[in-house]
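Novice: Mind folding the following:
(one chain, ligands or ions: 1)
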Amino acid sequence: MFISRELMLSSASYFGVSLTDNQVDMFDSYAKMLHDYNEKVNLTAITDPDGIVIKHFADSLALFKYVDIKNGMKIADVGTGAGFPGSALLIADNSLKVTMFDAVNKKLDFIRYALCELGLCADVVHIRAEDAGRQKEYRETFDIVTARAVAQLRILSEYCVPLVKVSGVFAPMKGEISDEEKQTGLSALNNIGMKLYDTVSYNIPTGEARNIFLSKKLSHTSPKYPRNSAQISKKPL
Ligand code: SAM
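Specialist: Coordinates of the predicted model:
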């Protein structure tokens, strides 16, 4: 084993997720592939086995504790990088229909390779989120849209909200967040038609702070959103 089976089991159960032996083996293989692939292609700064278990896998699995994820739901992970949280959600529940978006294809090549090795199936799409949000195939089609460590909350909201279906949930995962980012982010969510219904603050097993802002889409997003990348960063919501 590359990772510690005990640490994987205990850190998943910290977030209420129980894993089978087969799932632990899949997490182990994913971690080993991430570690090895990272020697050729820069995917992540976290490459030690315990770090991967806690800061990538368990941190991703926290969504199961705080978001009402049901069997077979359509979930989008925007700016997935090396597959977090998307791949971890899929390993823990392969009934989920996970779509992972990223603007950098070399990271997606890793995910495609790793999921194929594990026999898991996901849509892994090389596209900027704000472009995906204007495509019929993706716009307002997801039950849950999440994103971890991608952009400031107000910018991220315009990237992601157009992808959420009406009555669906936007669940951005953030680390430490300044009061200013939080206030501007929550006001952006309100401006783009989302109803904030919960803010969850918790610590991962290392003690580091995390936040998930849970909002629900009550009506269709105006066709003027998302604007293009330059407009979003020049004049964020
Ligand atoms: N979510 C992963 C994680 O937590 O490990 C990766 C985080 S990494 C810091 C941010 C990722 O977001 C990068 O892979 C970057 O290419 C992607 N990204 C940033 N802006 C994006 C956009 N507008 N659309 C799609 N991907 C984007």
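Novice: Please count neighbours and contacts with C-alpha atoms only from this point.
Specialist: Will do.
Novice: Would you mind naming what in the protein lies close to the ligand?
Specialist: Contact residues (C-alpha under 6 Å from any ligand atom) of the chain with the ligand: 78-81, 84, 101-104, 128-130, 147-150.
Novice: ok, now with 8 Å
Specialist: The chain comes close to the ligand at residues 44, 56, 77-85, 101-104, 107, 126-131, 147-151, 156, 159, 229, as judged by C-alpha under 8 Å from any ligand atom.
Novice: Show me how far the lowest-mean-pLDDT helix or strand in the chain is from its chain's centre.
Specialist: Sorting the helices and strands of the chain by mean pLDDT, DSSP states H and E puts helix 229-234 at the bottom, at a mean of 94. Counting by C-alpha atoms, centre = their mean, to the nearest Å, helix 229-234 is centred 22 Å from the centre of its parent chain.
Novice: Mind giving me the packing neighbours of that helix?
Specialist: For helix 229-234, the packing partners by 3 or more C-alpha pairs under 8 Å, 6 or more residues apart in numbering; DSSP states H and E come out as helix 153-160.
Novice: Which secondary structure elements does the following helix or strand past the helix it packs on sit against?
Specialist: Per DSSP states H and E, the first helix or strand lying C-terminal to helix 153-160 is strand 164-174. Strand 164-174 sits against strand 142-148, strand 209-217, with contacts defined as 3+ C-alpha pairs under 8 Å, 6+ apart.
Novice: can you do 10 Å?
Specialist: Judged by 3 or more C-alpha pairs under 10 Å, 6 or more residues apart in numbering; DSSP states H and E, strand 164-174 is in contact with helix 59-66, strand 74-78, strand 142-148, helix 153-160, strand 194-203, strand 209-217.
Novice: tell me the most buried of the ones you listed?
Specialist: Of these, the one with the most neighbours on average (mean count of other C-alpha atoms under 10 Å) is strand 74-78, at a mean of 27.
Novice: what are the pairing partners of that strand, and which direction each?
Specialist: strand 97-102 (parallel), strand 142-148 (parallel) (DSSP bridges).
Novice: relative to strand 164-174, how tilted is that strand?
Specialist: Using axes from the mean of the first three to the mean of the last three C-alpha atoms, to 10 degrees, the inter-axis angle of strand 74-78 relative to strand 164-174 is 50 degrees.
Novice: Quickly note the distance from the nearest residue to residue 162 once chain neighbours are set aside to residue 18.
Specialist: With C-alpha to C-alpha, 6 or more residues apart in numbering as the criterion, residue 162 has its nearest non-adjacent residue at 5.2 Å, and that residue is residue 133. In this view, residue 133 and residue 18 are 34 Å apart by C-alpha to C-alpha, to the nearest Å.
Novice: do residue 101 as well
Specialist: Going from residue 101 to residue 18 by C-alpha to C-alpha gives 27 Å.
Novice: These two - which one has more neighbours?
Specialist: Shown here are residue 101 and residue 18; by other C-alpha atoms under 10 Å, residue 101 has more neighbours (25 against 16).
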